[in-house]
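A.B. asks: need the 3D shape of this:
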Amino acid sequence: MATAASPPAGPAASSRASATRSRAGRLSLPAALPADGRGDSATTYKELGLYSWKRRIEDAVIRVEMTASNALKWEEAQRIKHEEVLQSRSLWDNPAKSHEALSALSDAIRAVDHLKDLLYKAEEAKLISQLAGMDVINGELFKQAYDISLDATEFLDRYEMYKLLKGPYDKEGACIIVTAGSEGVASELWAEKLFDMYTCWARRQGCKEGLVEKITSISGHIQYAAMEIESEYMFGILSGEKGMHIMINSSIDTYGTEEAISARVDIIPLFFDRPLNFHLDDNDLEISPSLDECGNRSRRNGATVRVQHIPSGVTAKSSGERSYFANKLKAMSRLKAKLLIVTTELGVSSANMIEKRAVERKYYRETRRYTFGPQELVHDLNTGIQLSDLNSVLEGDIEPFIRGRIILRHG
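C.D. replies: So this is what the prediction gives:
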C-alpha cells in the first residue's frame with residue numbers, strides 16, 4: 001500500500017477547491033485599516049473586531065509548525081525508503097510490486113513538496129500577522145494571512161484524514177451510483193437531489209469528473225444516475241456513503257405523520273492504473289438485454305446493459321457509452337469491482353460464496369436520514385453526527401460525515 005500522501009487533488013485542484021469554498025469564513029476588509037500607531041495592538045484588534053481572526057492565524061501557524069514539520073520528516077524518510085526499494089533488481093520481476101513501489105514513491109515525493117510549501121506559507125502568514133500589528137494594520141495583508149491560515153488548516157485536516165486511508169482499494173477512484181427507491185416519482189426526485197449533492201461536493205473538492213450517465217423514467221425524472229470521479233483516494237473517502245438515504249417529510253398539519261422516501265447509493269472503486277483481475281464464470285452471469293434482443297444496430301447503440309451475478313444477486317449496469325459492447329464492458333467492469341469489494345468486506349474467498357441476504361443486510365441498510373419540515377435535521381447513522389443545516393448538506397457540505405466515518409473506521 002502506498003504511503004500516506006497529501007490530498008490527491010494537487011495544488012491546482014486545491015486552489016479550485018479554495019475558490020469554490022463557502023465564503024462565510026472569509027474576511028472582507030478595506031485596503032488599510034486605521035490604528036493608533038503606538039497603542040496596544042491587542043486593543044486595536046479588539047476594537048476592529050479582528051482579534052479573534054488574528055488568534056486563528058496564530059493558532060493555524062502553530063499547528064503547521066508542529067504538525068507539518070514532523071510530517072515532513074516522516075515523508076522524507078518514506079521517500080528514501082521507497083527509493084531504496086526501487087533500486088532492488090528483483091523488484092522488476094514482479095510488475096504488481098514495482099507499480100506499488102512507484103506509486104508509493106510518487107506519493108511521498110508529492111507529500112514532501114506540499115508540506116514544504118505549507119511550511120513556507122505558514123511563515124509568510126506569521127510574518128504578515130506580525131507586520132499587521134505594527135504602525136498600520138493593512139487590511140489586504142491581513143486578509144491574505146487569514147486566507148493562508150484557512151488553506152493551511154484545510155490542508156492539514158485532509159492530510160491527517162488521508163493518512164488513515166490504508167485499505168487495499170482506498171486509493172482508487174470512485175463511481176457514485178444513485179438509484180431511486182420504490183416510491184415512484186417522489187423517490188426519483190429525491191434521487192436527483194442526492195445526485196446533485198454529490199456533484200456539488202465533487203466540484204467543491206476540485207475533483208476530476210469523468211463519465212456521467214443518467215437513466216430516466218417515463219415521467220422524465222432520474223431512476224438511476226452514475227458519476228465517475230477519477231481523482232485518487234475517492235473510494236476510500238466516499239465508501240461510507242453507500243446504503244439507503246431516506247428523506248423524511250414531517251408536517252404539523254398531518255398530525256405528526258411522516259412520509260419516508262428512499263434512494264440507494266452505491267460506491268464502486270475505479271481501477272485506472274492497474275488491471276482488475278477478478279474471474280467470473282460466464283454461466284453465473286445474466287446479461288440483459290442480450291445482443292439478439294437489441295435487434296438492429298440503431299437499437300444497440302446507447303442501449304443500457306445490465307449484468308447480474310446470479311449466485312449473489314449483485315448487479316451492475318452501464319448506459320453512458322455509445323455502443324452496446326462498450327456498455328457491456330463497462331457494466332462487467334463495475335460488476336467485478338463491486339463483487340471484489342463485497343467479497344473483501346464479507347471475508348469470503350470467491351463471489352459464489354456470497355449470500356444474497358448478507359448483501360441485502362450490508363448494502364440496503366439505512367445510512368443517513370434527511371428530515372424536512374418544521375425541525376430540519378440530517379442524521380448520519382454511521383457516525384451519529386446530526387446537523388440542522390439541511391440546505392447546506394444538500395448543497396454538498398457532507399465533509400463532517402465523511403471525516404467522522406473515516407476517523408471512526410480507521411482512527
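
A.B. asks: pLDDT weak spots in the stretch 301-411 of the chain?
C.D. replies: Judged against pLDDT under 70, the low-scoring parts of the stretch 301-411 of the chain cover residues 301-302, 410-411.

A.B. asks: now do the strands in it.
C.D. replies: Listed in chain order, the strands of the stretch 301-411 of the chain (DSSP state E, counting those that start in this stretch) span 305-309, 314-318, 366-372, 377-380, 386-387.

A.B. asks: just checking: what are the partner strands of the last one?
C.D. replies: Pairing partners of strand 386-387, with direction, according to DSSP bridges: strand 377-380 (antiparallel).

A.B. asks: ok now the partner strand, how far from the chain's centre?
C.D. replies: Distance, stretch centre to chain centre, for strand 377-380: 18 Å (CA atoms, centre = their mean, to the nearest Å).

A.B. asks: who's in contact with it?
C.D. replies: With contact meaning CB atoms under 8 Å, 6 or more residues apart in numbering, strand 377-380 is reached by 367-371, 385-390, 393, 401, 404-405. No exception for glycine: its C-beta is placed from N, CA and C like everyone else's.

A.B. asks: what's the closest of those to I128?
C.D. replies: Nearest to I128, judged by CB to CB, of the contacts of strand 377-380 is D389 at 32.1 Å.

A.B. asks: got TSV for the strands of the stretch 301-411 of the chain, with distance to L270 too?
C.D. replies: Compiled in TSV, the strands of the stretch 301-411 of the chain are given as follows (distance: least, CB to CB, whole Å):
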stretch	distance to L270
strand 305-309	17
strand 314-318	13
strand 366-372	21
strand 377-380	24
strand 386-387	29
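
A.B. asks: and E259, which of the ones you listed is closest to it?
C.D. replies: It is, among the strands of the stretch 301-411 of the chain and with distance given as CB to CB, strand 366-372, at 9.4 Å.

A.B. asks: summarise which helices and strands that closest one is packed against.
C.D. replies: Helices and strands touching strand 366-372, by 3 or more CB pairs under 8 Å, 6 or more residues apart in numbering; DSSP states H and E, are strand 243-250, strand 377-380, helix 390-394.

A.B. asks: could you pull out the strands for the stretch 51-200 of the chain?
C.D. replies: Ranges of strands within the stretch 51-200 of the chain are 137-138, 173-180, based on DSSP E, counting those that start in this stretch.

A.B. asks: pick out the shakiest of those, pLDDT-wise.
C.D. replies: Out of these, the stretch the model trusts least by mean pLDDT is strand 137-138, with a mean of 60.

A.B. asks: burial of the residue lying closest to H221 once chain neighbours are set aside, as a residue count?
C.D. replies: With sequence-adjacent residues excluded and distances taken as CB to CB, 6 or more residues apart in numbering, H221 is closest to E188, at 3.7 Å. By other CB atoms under 10 Å, 23 other residues sit near E188.

A.B. asks: can I take it that R264 is in a helix?
C.D. replies: No - with DSSP: H, G, I helix; E, B strand; the rest coil as the criterion, R264 is assigned strand and is not in a helix.

A.B. asks: ok so, going back, of the contacts of strand 377-380, grab the buried ones for PyMOL.
C.D. replies: Per 16 or more other CB atoms under 10 Å, the buried members of these correspond to this PyMOL selection:
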select buried, resi 367+368+369+370+371+385+387+393+401+404+405
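
A.B. asks: tell me the one of the contacts of strand 377-380 nearest N249?
C.D. replies: Checking these against N249 with CB to CB, the nearest one is T371 at 8.3 Å.

A.B. asks: so who does the closest one touch?
C.D. replies: Contacts for T371 (CB under 8 Å, 6+ apart) come out as 248, 250, 377-379, 390.

A.B. asks: for T315, state which of those is nearest.
C.D. replies: For the contacts of T371, the residue nearest T315 by CB to CB is I248; the value is 27.6 Å.

A.B. asks: what bridges to that closest one?
C.D. replies: Where I248 sits in a bridge, its partners, by DSSP bridges, are A260, T371.

A.B. asks: surely it and A260 touch.
C.D. replies: Yes - the pair formed by I248 and A260 meets the contact definition of CB atoms under 8 Å, at 5.8 Å.

A.B. asks: how much space separates the closest residue to K356 other than its chain neighbours from S262?
C.D. replies: Leaving aside its chain neighbours, K356 sits nearest to G313 (4.4 Å; criterion: CB to CB, 6+ apart). The gap separating G313 from S262 is 19 Å, by CB to CB, to the nearest Å.

A.B. asks: more neighbours, those two?
C.D. replies: Set side by side, G313 and S262 show more neighbours around S262, with 19 against 13, by other CB under 10 Å.

A.B. asks: any idea how far A186 is from the more buried one?
C.D. replies: Between S262 and A186 the computed distance is 9 Å (CB to CB).

A.B. asks: try Q87
C.D. replies: When CB to CB is the yardstick, Q87 and A186 sit 61 Å from each other.

A.B. asks: the two: who's more crowded?
C.D. replies: Of the pair Q87 and A186, A186 is the one with more neighbours under other CB under 10 Å, namely 17 against 8.

A.B. asks: residues touching the closest residue to that one other than its chain neighbours, list them.
C.D. replies: Taking CB to CB, 6+ apart as the measure, A186 lies nearest to I261, with 4.9 Å between them; neighbours along the chain are not counted. The contact partners of I261, taken as CB under 8 Å, 6+ apart, are 181, 183, 186-187, 190, 246-249.
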